[in-house]
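> Take a look and give me a structure for this.
(one chain, ligands or ions: 1)
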Amino acid sequence: MVRGTKRRRSQIEKPVVNRDDTIDVDEDAAVGDSQVATTKAYARLAGIRRGIATIDLTDDNFVCGRGSDESPVNYNFSSASHDVGLYRFISKIQFAISRDSETRRIHLHDHSRNGTLVNQEMIGKGQSRELNNGDLISIGIPALIIFVFETTDEGQYPEELTKKYHVTSHSLGKGGFGKVLLGYKRSDRSVVAIKMLNTQFSTRCSRAIAKTRDIKNEVEVMKKLSHPNIVGIYDWISVAKYSYMVIEYVGGGEFFTKVVDPKYNRMGLGESLGKYFAFQLIDAVMYLHSVGICHRDIKPENILCSEKTERCVLKLTDFGMAKCSVMKMKTRCGTPSYNAPEIVANEGIEYSPKVDIWSLGCVLFITFSGYPPFSEEYTDMTMEEQVMKGRLLFHSQWRRISVETQNMIKWMLTVEPAKRPSAVELMSNDWMKCADCRSARQDIDQSQRNQKVPIQAAPQKDTNNNDNDKVAAKKKRVPAL
Ligand SMILES: Nc1ncnc2c1ncn2[C@@H]1O[C@H](COP(=O)(O)OP(=O)(O)OP(=O)(O)O)[C@@H](O)[C@H]1O
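Next comes the predicted model:
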């Protein structure tokens, strides 16, 4: 309890703190008075940071902050006072929430000098903003997310989903069949990505029927997999028009964005960083093939980065095209510029998981050099011809890349599948015995150790230079939104 807040507490209404969801809240803050508790909540502040309660909003006006004799509050954050990284940002009056009795619209009013953010956007002292279901509320900086605002009257998402997850309005990206939203598991408040797929068109559009089948297949395949370089799946909920895949949150964006980052000047990521990523992708593909799965759509857009930092853990995703490789694979699928010659030939002849090695070769070619090996833009021959001939152009970018690396890429891009290496052959090659590959291994192991700690938002910068704070921040994973 923050000193001075207790005596005045009775003067303003207490919030109802939802016990199901509450962690480490002191008794006084946790118990609402019975008069208020019987009133139906119109909205809820779902605490998603350790020590922050979930608060049912029943009254049209609600105030929170550290509180004091002069500034009484409904919720005083005393349960988070141990959380130095957060508590130092909280003002006596942090923000207020009001509901218009006529329009029923709900607004957040920022009263803090450090500021309150809604969906990562600073509101600013004295400013207000309307709140909508799923909005994220942070304190001071975007990464310090403390609440998900949830209205209680909306059936926006199916109960099967919302009883297990807080679904936020924060979009992580859009795909061909829907969007990906940030979410939190109710059980441990860990962060997840919720991929919403619209299956409505399945009755009308044959391509969408295929995609509906893909979703089931994608889920079945993902459920079989467990590897640090492959996005994990937690849940799959399918209700009416929508399918919701609850998957591992990977916060650093697409690998594609990294490869084309202007800071590399269209020159590629270079030998050292390239090998660091090559090791991870070869390891992921070696694992996939060892459990009998062929991805069939490996490309930089289907690889996610754990962080926005230069060195990060890569995660292979989008298993919509994946297939159990003991089954016959004949279908022409994937992305043309990454497709192996045996797929491009389209002769209905069976192909093998070596098609993934070809696609991986294309990904690594562009990773090392900054330009794709095969493209419609190379006008001297069609892309099909380029692929069928395995025609590779080594421009000046390759001058800074070793001959050994060039040979490895050429090996992966061998037209004849039988002569193309398997992932095991790649991994056991001397090329993989290097400091960058060892460093990748260490970083993967470290990220797995970090994942055992419930994932929570934490400050990105330690401006106080407080050692205890630094240790605490290191233990937590910061979702880079
Ligand atoms: N697990 C995740 N964690 C964080 N962000 C993600 C995650 N999965 C996807 N995203 C974000 O959402 C965007 C769209 O992802 P999605 O997989 O739906 O795209 P897509 O491959 O184009 O879609 P489709 O599966 O329909 O082909 C990605 O570019 C990425 O920015």
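> Give me the pLDDT for the closest residue in space to Asn133 that isn't next to it in sequence.
Of all residues not flanking Asn133 in the chain, Thr151 sits nearest, at 4.5 Å (C-beta to C-beta, 6 or more residues apart in numbering). From N, CA and C alone the C-beta is placed, and that goes for glycine too. pLDDT for Thr151: 93.
> list the helices and strands the top helix by length along the chain packs on?
Among the segments of the chain that qualify as a helix by DSSP state H, the longest is helix 270-290. Identification of packing neighbours for helix 270-290 by 3 or more C-beta pairs under 8 Å, 6 or more residues apart in numbering; DSSP states H and E yields strand 314-316, helix 354-369, helix 403-412, helix 423-427, helix 435-451.
> Mind putting the ones you listed into a markdown table with distance to Ile293 and mean neighbour count?
Formatted as a markdown table, the helices and strands packed on helix 270-290 follow (distance: least, C-beta to C-beta, whole Å; neighbours: other C-beta atoms under 10 Å):
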| stretch | distance to Ile293 | mean neighbour count |
| --- | --- | --- |
| strand 314-316 | 11 | 26 |
| helix 354-369 | 9 | 25 |
| helix 403-412 | 19 | 17 |
| helix 423-427 | 12 | 18 |
| helix 435-451 | 20 | 15 |
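> picking that back up, just how off-centre is the longest helix of the chain within its chain?
Put simply, helix 270-290 sits 20 Å off its chain's centre (C-alpha atoms, centre = their mean, to the nearest Å).
> Give me the angle between it and helix 435-451.
Put simply, helix 270-290 runs at 60 degrees to helix 435-451, going by axes from the mean of the first three to the mean of the last three C-alpha atoms, to 10 degrees.
> Ser290: which of the helices and strands packed on helix 270-290 is closest?
With distances scored as C-beta to C-beta, the stretch of those nearest to Ser290 is helix 423-427 (8.0 Å).
> With only the CA atoms kept, save the closest one in CSV.
The C-alpha coordinates for helix 423-427 follow below in CSV (Å, rounded to 0.1, in the frame of the first residue of the first chain):
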residue,chain,number,x,y,z
ALA,A,423,20.3,-30.8,-45.0
VAL,A,424,22.4,-33.4,-43.0
GLU,A,425,25.1,-33.2,-45.6
LEU,A,426,25.1,-29.4,-45.4
MET,A,427,25.2,-29.4,-41.6
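> now for it, which elements pack on it?
helix 270-290, helix 354-369, helix 403-412.
> returning to what we had before: what are the buried residues along the longest helix of the chain?
By neighbour count with 16 or more other C-beta atoms under 10 Å, helix 270-290 contains the buried residues 270-271, 273-289.
> In which helix or strand does Leu197 reside?
Using DSSP states H and E, Leu197 maps to strand 191-198.
> Run the chain-centre distance for that strand.
9 Å.
> Mind checking if that strand is in reach of the ligand?
Yes. Contact of strand 191-198 with the ligand (C-beta under 6 Å from any ligand atom) involves 193, 195.
> Tyr184 - how many residues pack around it?
Tyr184 has 27 neighbours, counted by other C-beta atoms under 10 Å.
> ok, for it, nearest residue in space, not its chain neighbours?
Tyr184 sits nearest to His166 (C-beta to C-beta, 6+ apart), 4.4 Å away.
> For the closest residue in space to Met408 that isn't next to it in sequence, give me its contacts.
Distances taken as C-beta to C-beta, 6+ apart place Trp431 nearest to Met408, at 5.2 Å, with adjacent residues excluded. For Trp431, the contact set (C-beta atoms under 8 Å, 6 or more residues apart in numbering) comprises 275, 404-405, 408.
> element containing Ile97, please.
strand 95-99.
> Output that strand as PDB, nothing but the C-alphas.
C-alpha atoms of strand 95-99 as PDB (Å, rounded to 0.1, in the frame of the first residue of the first chain):
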ATOM      1  CA  PHE A  95      -4.900   8.200 -16.100                       C
ATOM      2  CA  ALA A  96      -8.700   8.300 -15.800                       C
ATOM      3  CA  ILE A  97     -11.300   6.500 -17.700                       C
ATOM      4  CA  SER A  98     -14.800   7.900 -18.200                       C
ATOM      5  CA  ARG A  99     -17.900   6.600 -19.800                       C
END
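> Give the other helices and strands that that strand contacts.
Going by 3+ C-beta pairs under 8 Å, 6+ apart, strand 95-99 lies up against strand 43-47, strand 61-64, strand 106-110.
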